[in-house]
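Participant: the sequence and its predicted three-dimensional model are supplied below.
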Amino acid sequence: MNPSSLFDLSGRVALVTGASRGIGEAVAKLLASAGAHVIVSSRKIEGCQAVADAINNDGGSAEAMACHIGEMEQISATFAQIEASHGKLDILVNNAATNPYFGHILDTDPAAFSKTVDVNVRGYFFMCSLGGKLMKKNGGGSIINVASVNGVVPGDFQGIYSITKSSVIAMTKAFAKECAQMGIRVNALLPGLTDTKFASALTSNQAILKQAMMHIPMKRVAMPEEMAGTVLYLASDASSYTTGTCINVDGGYLLV
């Protein structure tokens, strides 16, 4: 078998949430370079359009679509629009997430709690549900949930975020088990500490960063592009017998 054909996504439609920057942007660009038509999505259309324009200018195929996954109406509208425009969805990358609270778990504000759960748990669940229904109509597809190493080992002062990411891991396995016979594979990426705006509260604090490095055998922070290859594998035929798997991409963090 030709190695390049294993990763060829030509003719496939991919939706990537949280794709206006960071890991989502890197994933969107790599999937497009592999031949997929990529729907670049996040809350604000401007950031999505910039990434879609960059992909199109580089010879790829992309469009921008705003969607706040904390809002059920927007989730429903997004999949309705995708079905109307493309008639199918082959790849769904759930990457959009929120982490509004950084502090001791006992002091978690109810509003921050609700926002984190609404986006990271309810949002992911119904993205998987509606995305899976659209995939079922066309014989299957691949869903990749971006969880976190914090879902395995809770991050300091990131209690509710860590709890929601643990839920994403369980959610991934539950959807994988029940959707396998529909041809829908569901897997998760568990990033370690990555140099993104989302993680800036950690990477910009030298004391926290120094402590983190003590637990990362590779002794460095990841770049967003280092997460994208795993997503390409999970989206492609190279992982055709892989479902319910959570892949750590963490520089060895979970080894320590």
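Facilitator: Structure's in. What do you need? Only a predicted model underlies this, so the values are computations on that prediction, with no experimental measurement involved.
Participant: which residue is the nearest non-sequential neighbour of M182?
Facilitator: Closest residue to M182 apart from its sequence neighbours, by Cβ to Cβ, 6 or more residues apart in numbering: K136 at 4.9 Å. No exception for glycine: its C-beta is placed from N, CA and C like everyone else's.
Participant: so what's the residue count around the one you found?
Facilitator: By other Cβ atoms under 10 Å, the residues close to K136 number 14.
Participant: quick one, what contacts it?
Facilitator: C179, M182, G183, I184 (Cβ atoms under 8 Å, 6 or more residues apart in numbering).
Participant: in this structure the third one contacts G139, no?
Facilitator: The reference is to G183. Yes - contact status for G183 versus G139: in contact at 5.2 Å, counting by Cβ atoms under 8 Å.
Participant: tell me how far S42 lies from M65.
Facilitator: 9 Å (Cβ to Cβ, to the nearest Å).
Participant: which one's more surrounded, those two?
Facilitator: Remark: of S42 and M65, S42 carries more neighbours, 25 against 21, as counted by other Cβ under 10 Å.
Participant: does the more buried one touch C67 like I think?
Facilitator: Yes - the criterion here is Cβ under 8 Å, and S42 meets it with C67 at 7.4 Å.
Participant: anything in contact with each of those two?
Facilitator: Going by Cβ under 8 Å, 6+ apart, residues that sit against S42 and also against C67 are T17.
Participant: downstream of the helix or strand in which Q211 is found, the next helix or strand is which one?
Facilitator: Using DSSP states H and E, Q211 maps to helix 206-213. Using DSSP H and E, the helix or strand that directly follows helix 206-213 along the chain is helix 225-235.
Participant: okay, now the sheet partners of the next helix or strand after that following helix, with direction.
Facilitator: Scanning forward in sequence from helix 225-235 by DSSP H and E, the next helix or strand is strand 246-249. Next to strand 246-249 in the sheet, as set by DSSP bridges, lie strand 184-191 (parallel).
Participant: centre of the chain to the strand it pairs with, how far?
Facilitator: Remark: strand 184-191 is offset 8 Å from the chain centroid, using Cα atoms, centre = their mean, to the nearest Å.
Participant: least trustworthy helix or strand in the protein by mean pLDDT?
Facilitator: helix 200-203 (a mean of 68; mean pLDDT, DSSP states H and E).
Participant: for N145, helix, strand, or coil?
Facilitator: strand (DSSP: H, G, I helix; E, B strand; the rest coil).
Participant: could you report the pLDDT at it?
Facilitator: According to the prediction, N145 has pLDDT 98.
Participant: mind checking how far it is from S5?
Facilitator: 26 Å.
Participant: what's the answer for D195, then?
Facilitator: For D195 relative to S5 (Cβ to Cβ), the value is 32 Å.
Participant: element containing the residue nearest to M182?
Facilitator: helix 124-137.
Participant: which among the contacts of K136 count as buried?
Facilitator: Buried members of the contacts of K136, scored by 16 or more other Cβ atoms under 10 Å, are C179, I184.
Participant: can you name the two of the contacts of K136 that are farthest apart?
Facilitator: C179 and G183 (8.2 Å; Cβ to Cβ).
Participant: burial of I247, as a residue count?
Facilitator: Neighbours of I247 using other Cβ under 10 Å come to 18.
Participant: who touches the residue lying closest to it once chain neighbours are set aside in this structure?
Facilitator: Ranked by Cβ to Cβ, 6+ apart and with sequence neighbours excluded, the top spatial neighbour of I247 is T230, at 5.4 Å. Going by Cβ under 8 Å, 6+ apart, T230 touches L189, I247, V249.
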